[in-house]
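# Sharing a model prediction with you, sequence too.
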Amino acid sequence: LLVVLVNIALQPIVFRFADAFLRADVASGIADVVTLLIAIGGISWLTMARVIRGQVLSLRTLPFIEAARAYGVGPRRMMINHLLPNLIGPIIVYTTLAVPQAILQESFLSFLGIGVQAPLPSWGNLASDGLVELHALGIQGMTMRWWLFVWPCALLGLTLLALNFLGDALRARWDPRSSHV
C-alpha cells in the first residue's frame, strides 16, 4: 500500500520533469518506471538498513574491533578496514533476496494496472493481458490462448526461484556461521 501511495504521489512530479525533455508518450512511460523504482527502492532499503545496523552492533562487540580501537584506529579506517569487509557478505546476500521481492512487487502492481503501463513490457502486464484470454474457457467456439497467461507467470516464478537459490548459495558462501566444514 505504501508503494502505491508513493507511486501516486511522485508520478506527477516525475512526469512534469520528463515531459520537459521528452515527448509526452515517452515521458509517461519513463515516469511510470521511475516512480515505481523510487517507490519500491525507497521502501525496501529500510529493512536492509535494519539488518546492516544489527550486523554492525554485533560486530562492534567482537575482540578485533576492541583491539583496533585500543591500537588507536580512527572511525573511518575502522569502518573501511574492519567493518566493511565483514558486512559485504550480508549486504550481497540481502540484496539477492531483496531483488526478487522488488520484481514481485513490480509485477503485482503492473498486473493491477498501477505499475508499468502497456507499451512497456512487464510480466505483470503480460499476465494481466493473458487473464482476459482465460475468460474464453467456458465459451463455446472461442479459442482459448492459455499460454498468454501461463508463460509470463511461469517465467516470473522461475526467475524468482532462481534468484532465491542464488541468494541461498551466496549466503552459504559468505556467511561464516553457515559454512560446511
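Ah, there it is.

# contacts, neighbours, all on C-alpha from now
Fine.

# what about the helices in this protein?
For the chain, the helices defined by DSSP state H occupy 2-19, 24-60, 63-71, 75-78, 84-112, 123-134, 147-174.

# Would you mind pulling up the elements that the longest one packs against?
Right, helix 24-60. Under the contact criterion of 3 or more Cα pairs under 8 Å, 6 or more residues apart in numbering; DSSP states H and E, helix 24-60 touches helix 2-19, helix 84-112.

# Sort out which residues of the first one are buried, please.
Read that as helix 2-19. Within helix 2-19, the residues scored as buried using 16 or more other Cα atoms under 10 Å are V3, V6, N7, I8, L10, Q11, V14, F15, A18, D19.

# Ok, stretch 53-69 next?
If you call a residue buried by 16+ other Cα under 10 Å, then stretch 53-69 has these buried ones: Q55, V56, L59, I65, A68.

# Tell me, please, the helix or strand in the chain that averages the lowest pLDDT.
The element with the least model confidence among the helices and strands of the chain, by mean pLDDT, DSSP states H and E, is helix 2-19, at a mean of 74.

# name the helices or strands packed onto that helix?
Helix 2-19 sits against helix 24-60, with contacts defined as 3+ Cα pairs under 8 Å, 6+ apart.

# Okay, angle between the helix it packs on and helix 63-71 too, please.
Angular relation of helix 24-60 and helix 63-71 on a 0 to 180 degree scale: 80 degrees, by axes from the mean of the first three to the mean of the last three Cα atoms, to 10 degrees.

# Cheers, nothing more for now.
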